[in-house]
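Asks: Take a look and give me a structure for this.
(4 chains)
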Protein chains: 2
Amino acid sequence: MFPLICAITLNEKEDAVITDPELLAVRVAELYYDENKTQDEIGGLLKITRWKVGRLLAQAREQGIVRIEIVHPRARRLTVERQLRERFGLADAVVIPSGAGEGDLQSRVGQAAADYLTALRPVPRTLGISWGRTLSEVAERLEAGWATGVTVVQINGGVSLNRRAGTAATTASMIAQKAQGHATLLPSPAILERVETKQAIESDRTVAAVLELAGRASAYLFSAGVANESSVLVDSGYLAPSDVAELVRKGAVGDVVGRYIDANGNTVDPGLDERTVGLGLDQLRQAKMAIFVVAGYAKHDVARAIVTNGLCSVVVTDEATAAALLDLKVQE
Amino acid sequence: MFPLICAITLNEKEDAVITDPELLAVRVAELYYDENKTQDEIGGLLKITRWKVGRLLAQAREQGIVRIEIVHPRARRLTVERQLRERFGLADAVVIPSGAGEGDLQSRVGQAAADYLTALRPVPRTLGISWGRTLSEVAERLEAGWATGVTVVQINGGVSLNRRAGTAATTASMIAQKAQGHATLLPSPAILERVETKQAIESDRTVAAVLELAGRASAYLFSAGVANESSVLVDSGYLAPSDVAELVRKGAVGDVVGRYIDANGNTVDPGLDERTVGLGLDQLRQAKMAIFVVAGYAKHDVARAIVTNGLCSVVVTDEATAAALLDLKVQE
DNA sequence: GCCCGCCTTGCTCATATGAGCAACAGCGTG
DNA sequence: CACGCTGTTGCTCATATGAGCAAGGCGGGC
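Replies: Numbering: from 1, shown residues only, chains lettered A, B, ... in the order given. The predicted model follows:
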């Protein structure tokens, strides 16, 4: 006995055919994608032409009745990537699925950035990197031998006396080791209390040499910090939570290479900026290859500030952040 | 500038091609489904033949890397339907997506049952129905004019003095009205306290006539009750929660047309069965068209008992219940 | 009531893809 | 080291599908 497909019968004598076009599209899609029937076969079953079947399938895909998803840890969202490139004039964009929850999001975006770096041609001879949790994830996920002979240079201040994950030293040396290169650390605090001290440190021969090297790196890899008390700058003691709160009041949405910016990508506190050691925002803007790695809801505002104001030329991010950048609704 | 597809470059001079077959399948799937490139184009981009592209796509679909889903309130799961028919020798099966949570599940399964009934050919002249919340949903969802001239007959006892939703009278009359037919109610309680009383009622001319009509209905539409205190039999006062607990101790997994059954589809308490008014289990087994409507986790055990023991010839259910029947894991 | 414009439909022909087959490559065993 | 077997690959030809076009139908305006 033939099974019934509701409101569709396979009994040729029946005249109760589907008249609701949306339900017709659903049935057509089910027969095509679930039952692997040809458009011609479906036409025969439903008493419509194969051309109409084809149009209904296209309509079903367009209306989201048919949802085709690539599900894999290394999956990308190529359509969203193109939209980001076109909207913001980016040289490149990598977008990974947001997935259910943010549980493994940081590691997956780290993996995506590692993949990108590995595929990058020409291989950057000198790679400037920032430091923080996201860059640490990238370092972890890079495979040994991702390149050879890369000099990794630290581009924002931050001296770490211990060797726990997330510090500048650990991150830079791991990336360098995995490329059979070496790391050049910036032996300076991220932020000095007095401008004079900062200028003195910058004038020191060893620090000046590193800053000079940082300034002419062939590519930069960096993330951003959230403007709240979870910032590694607070964690490391450079700023107090009250300092950050004050910066937020002044319009700060986050920091990039240790420098707090507002929604327009401008420094919010010139005095603080003057006391901050590391690559300048203008140098980042002028960089040939500035790869910005960012994921997670908390960083949407600072991500927008960086991407829309030319502070990066490549972004590696997740789908939800990309959607926020593009002002789209994510279908969930 | 061409964007990078990590580990894949569009720069023809590069030799860093993807060697990991799984990642290659991911990229191929992304280019095909997200970018709408042809297999030939993809082959050119990735330096493989279009035949290999085709194989990688088939592999991606088979391994679940590509997930194609039909998302619509009226969507069905045709593959699972065929599996149920084949496994249990059912004349038909309708399976709807379980969806996120059980929020609207009962109304959706009600809608699916209504669709099925409407499409059923030949139209049943006499339709025997049980009563309860699920059948009430079906009645609600039926469209006026779903058929013409259908006699709806109540097949299990249960007198309802009020006209709230879910009662036998309301359900039967709604279904009948929508088919321009009439309802024949079974003027008897579901369960009597004494066998003699039950026998007296069954012998009464009017009740006997209804039972006779019920016995020769051309199709039956029914659901099942959970063996716990939420049962409508408890709700209606026919049984106490302690009675149901005792039935569970005896192995009851639920009730069908007011009769408690165990996992093998047998009555668990012959004495209680003797005092229960309505269609017998054997009559249901022998029915030409017995449409069983069931959804929700709580009913998995009784659904299994009914489907695997020939107490229905058609099942309308949700994907999770179907998976439980088939002993499959639902991908979520 | 007629005409015009827009949308839908079916078709032809081109393009895209798949099935089945033969050849090749790699691995394991004697 | 050679042979056999298994799995993968590329190809030919058939099948499935899509693009573009012409015709038809429907609705609105004059």
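
Asks: how many neighbours does the nearest residue to A:Arg216 once chain neighbours are set aside have?
Replies: Spatially, and ignoring its direct neighbours in sequence, A:Arg216 is nearest to A:Thr126 (7.1 Å; C-beta to C-beta, 6 or more residues apart in numbering or on different chains). Quick note: C-beta positions are derived from backbone N, CA and C, even for glycine. By other C-beta atoms under 10 Å in any protein chain shown, the residues close to A:Thr126 number 17.

Asks: Please apply the same query to A:Leu192.
Replies: Neighbours of A:Leu192 under the rule other C-beta under 10 Å: 20.

Asks: Could you check how far it is from A:Val256?
Replies: 19 Å (C-beta to C-beta, to the nearest Å).

Asks: Buried residues, the helix or strand containing A:Ala114. List them.
Replies: Per DSSP states H and E, A:Ala114 falls inside helix A:105-119. Of all the residues in helix A:105-119, those buried under the rule 16 or more other C-beta atoms under 10 Å in any protein chain shown are A:105-106, A:108-119.

Asks: Now for the nearest residue to A:Ala190 once chain neighbours are set aside, how many residues are close by?
Replies: Distances taken as C-beta to C-beta, 6+ apart put A:Gly157 closest to A:Ala190, at 3.9 Å, once the chain neighbours are dropped. Using other C-beta under 10 Å, A:Gly157 has 27 other residues around it.

Asks: now A:Gly157: how far from A:Asp40?
Replies: Relative to A:Asp40, and taking C-beta to C-beta, A:Gly157 is found at 68 Å.

Asks: rewinding a little: quick one: contacts for the residue nearest to A:Ala190?
Replies: A:186, A:188-191, A:258, A:276-278 (C-beta atoms under 8 Å, 6 or more residues apart in numbering or on different chains).

Asks: Save these as JSON lines, and put in neighbour count and pLDDT too.
Replies: Converted to JSON lines, those look like this (neighbours: other C-beta atoms under 10 Å in any protein chain shown; pLDDT from 0 to 100):
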{"residue": "A:Leu186", "neighbour count": "28", "pLDDT": "90"}
{"residue": "A:Ser188", "neighbour count": "23", "pLDDT": "88"}
{"residue": "A:Pro189", "neighbour count": "20", "pLDDT": "88"}
{"residue": "A:Ala190", "neighbour count": "25", "pLDDT": "87"}
{"residue": "A:Ile191", "neighbour count": "23", "pLDDT": "89"}
{"residue": "A:Gly258", "neighbour count": "28", "pLDDT": "90"}
{"residue": "A:Thr276", "neighbour count": "25", "pLDDT": "93"}
{"residue": "A:Val277", "neighbour count": "24", "pLDDT": "92"}
{"residue": "A:Gly278", "neighbour count": "23", "pLDDT": "92"}
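
Asks: what packs against the helix holding A:Ala114?
Replies: Packed against helix A:105-119 by the contact rule (3 or more C-beta pairs under 8 Å, 6 or more residues apart in numbering or on different chains; DSSP states H and E) you find strand A:92-96, helix A:133-141, strand A:290-293, strand A:314-318.

Asks: how far out from the middle of the chain is that helix?
Replies: Relative to the mean C-alpha coordinate of its chain, helix A:105-119 is positioned 9 Å out (C-alpha atoms, centre = their mean, to the nearest Å).

Asks: again with stretch A:227-234
Replies: Chain-centre distance of stretch A:227-234: 20 Å, with C-alpha atoms, centre = their mean.

Asks: start to end distance for stretch A:184-202?
Replies: Terminal residues of stretch A:184-202 lie 15 Å apart, using C-alpha to C-alpha, to the nearest Å.

Asks: who's in contact with that stretch?
Replies: Residues contacting stretch A:184-202 (C-beta under 8 Å, 6+ apart): A:151-159, A:168-169, A:172, A:206-208, A:210-211, A:213-214, A:233, A:236, A:238-239, A:258, A:271-272, A:274-278.

Asks: Can you tell me which of those end up in helices?
Replies: A:168-169, A:172, A:206-208, A:210-211, A:213-214, A:233, A:271-272, A:274 (DSSP state H).

Asks: give me the subset of those residues touching DNA strand D.
Replies: Residues of the ones in helices among the contacts of stretch A:184-202 in contact with DNA strand D (C-beta under 7 Å from any atom of the strand): none.

Asks: Now pLDDT and neighbour count too, for these, in a markdown table please.
Replies: A markdown table is the format used below for the ones in helices among the contacts of stretch A:184-202 (pLDDT from 0 to 100; neighbours: other C-beta atoms under 10 Å in any protein chain shown):
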| residue | pLDDT | neighbour count |
| --- | --- | --- |
| A:Ala168 | 83 | 27 |
| A:Ala169 | 86 | 19 |
| A:Ala172 | 93 | 26 |
| A:Thr206 | 90 | 11 |
| A:Val207 | 92 | 17 |
| A:Ala208 | 93 | 12 |
| A:Val210 | 94 | 21 |
| A:Leu211 | 94 | 23 |
| A:Leu213 | 95 | 17 |
| A:Ala214 | 95 | 22 |
| A:Leu233 | 84 | 22 |
| A:Gly271 | 93 | 9 |
| A:Leu272 | 93 | 20 |
| A:Glu274 | 94 | 13 |
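
Asks: got TSV for the residues you listed, with distance to B:Gln177 too?
Replies: Below are these laid out as TSV (distance: C-beta to C-beta, whole Å):
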residue	distance to B:Gln177
A:Ala168	77
A:Ala169	80
A:Ala172	78
A:Thr206	92
A:Val207	88
A:Ala208	91
A:Val210	86
A:Leu211	85
A:Leu213	85
A:Ala214	81
A:Leu233	72
A:Gly271	80
A:Leu272	76
A:Glu274	82
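
Asks: Okay then, goodbye and thanks.
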